[in-house]
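1. with the sequence up front, the predicted model follows.
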Amino acid sequence: MDRIPAQGATRPHRTTVATYSVYADAQRAVDHLSDKGFPVERTAIVAEGLRFVEQVTGRLNWGRVLLNGSGSGALTGVLIGLVFGLFSLVVPVLTFVLYGLIVGAISGALFAAIGYGMTGGQRDFSSVRNMEAERYHVMVDDEVAAEAERLLAGMGR
């Protein structure tokens, strides 16, 4: 079980033993320390220079909104219909799945249209949001910093 310091508890002083520009490299370093028997519970990966990035993926219009809404609604409806169909002894499963597909597609398109209509043309694009960092520091408690540096030196970054 992970130990979480109590509120107000002091955190041990930490030293940066390695810095990477890619998170996966920082993970590899901690994994290397773990493989060598290092007490990784005394390790942290600290992101620095965080920024919010919103990547625009396309233009939105009524056709795309309705198509996306009906698609996600249909999938949800099929899953719900499948669950209901599994517990029905009288009506075949396929009937529930088909009704779920139809009702889900219609309601999905309807709710998507309402949501898009409420934006009033203020947001006519789709996007994906992400947090990114400029660099990632592998930090360890001061008492074990020398050992971590020695082990990471043998890693051959």
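-> Yep, it's here. These numbers were taken from a predicted model, which means no experiment stands behind them.
2. quick one: contacts for the nearest residue to residue 71 once chain neighbours are set aside?
-> Excluding the flanking residues, the one nearest residue 71 by Cβ to Cβ, 6 or more residues apart in numbering is residue 108, at 7.1 Å. Placement of C-beta: from N, CA and C, glycine included. Listed by Cβ atoms under 8 Å, 6 or more residues apart in numbering, the contact partners of residue 108 are 69, 70, 71, 72, 73, 74, 76, 77.
3. kindly report the same for residue 18.
-> By Cβ under 8 Å, 6+ apart, the neighbours of residue 18 are 26, 29, 137, 138, 152, 157.
4. mind running it again at 6 Å?
-> Neighbour list for residue 18: 29, 138, 152 [criterion: Cβ atoms under 6 Å, 6 or more residues apart in numbering].
5. check residue 85 too.
-> By Cβ under 6 Å, 6+ apart, the residues touching residue 85 are 93, 96, 97.
6. list the contacts for the second one?
-> Neighbouring residues of residue 96 by Cβ under 6 Å, 6+ apart: 81, 84, 85.
7. can you tell me how far the second one is from residue 101?
-> With distances defined as Cβ to Cβ, to the nearest Å, the gap from residue 84 to residue 101 amounts to 13 Å.
8. comparing the two, which residue is more hemmed in?
-> Per other Cβ atoms under 10 Å, whichever of residue 84 and residue 101 has more neighbours is residue 101, with 19 against 16.
9. quick one, phi psi at the residue of the chain most remote from its centre?
-> Going by Cα atoms, centre = their mean, the residue of the chain most distant from its centre is residue 90, 41.2 Å out. With angles defined as degrees, to the nearest 10, residue 90 sits at phi -100, psi -50.
10. residue 57 too?
-> Dihedral pair for residue 57: phi -110, psi -10, per degrees, to the nearest 10.
11. same thing with residue 133?
-> phi -120, psi 150.
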